[in-house]
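**Student:** how would this look folded up:
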Amino acid sequence: MSTNKKEPPGGKKKGAKFTDPILKKEEVEEAELAGLRVDIEDEEKKKEGVEWANEELEKAVRQMEYNVIQLESGSVFLFFIYLLLLIIIIGNLEADDSEIKHKYDNQRQLNIQLTEQKRWLEHELEQIKLKIQVI
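**Tutor:** Down below sits the predicted model:
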């Protein structure tokens, strides 16, 4: 059973459903509108995220400003504390310095005494050697 039916021009077979171009246009518009609605929802979510991030940044900036104000008001007090600590440290350094000088002077005197003792012992050793040679 072969049928030799010719297709009509435009590639449509006989008995195919007819689509109204106006309905097709409305379907395309509806699809475009649905896509636009999805895009709008995505943009609104992004906008909310950006607004939240902006609020968090503003909070952080306000906290930093508060911290700077606190530091500035406390900086005079801290400066005096710093100066006081420096005075204490310098005083300790001077005390340590005088102690070091004292130890240095004592060691120097001890070295001089030891050098004199060494010379005396060397002299005595020479005297003993001379006596031994004479005998």
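**Student:** now this structure, which segments are flagged as low pLDDT?
**Tutor:** Scanning the chain for pLDDT under 70 picks out the ranges 1-19, 72, 74-77, 93-96.
**Student:** Which stretches in it count as helices?
**Tutor:** Listed in chain order, the helices of the chain (DSSP state H) span 21-134.
**Student:** do you know how far N92 is from E99?
**Tutor:** Distance of N92 to E99, computed by Cβ to Cβ, to the nearest Å: 10 Å. Backbone N, C-alpha and C define where each C-beta goes, glycine included.
**Student:** Just list the residues touching D97, thanks.
**Tutor:** Under the criterion of Cβ atoms under 8 Å, 6 or more residues apart in numbering, the contact list for D97 is empty.
**Student:** do I69 as well
**Tutor:** Listed by Cβ under 8 Å, 6+ apart, the contact set of I69 is empty.
**Student:** any idea how far it lies from L78?
**Tutor:** Distance, I69 to L78, by Cβ to Cβ: 14 Å.
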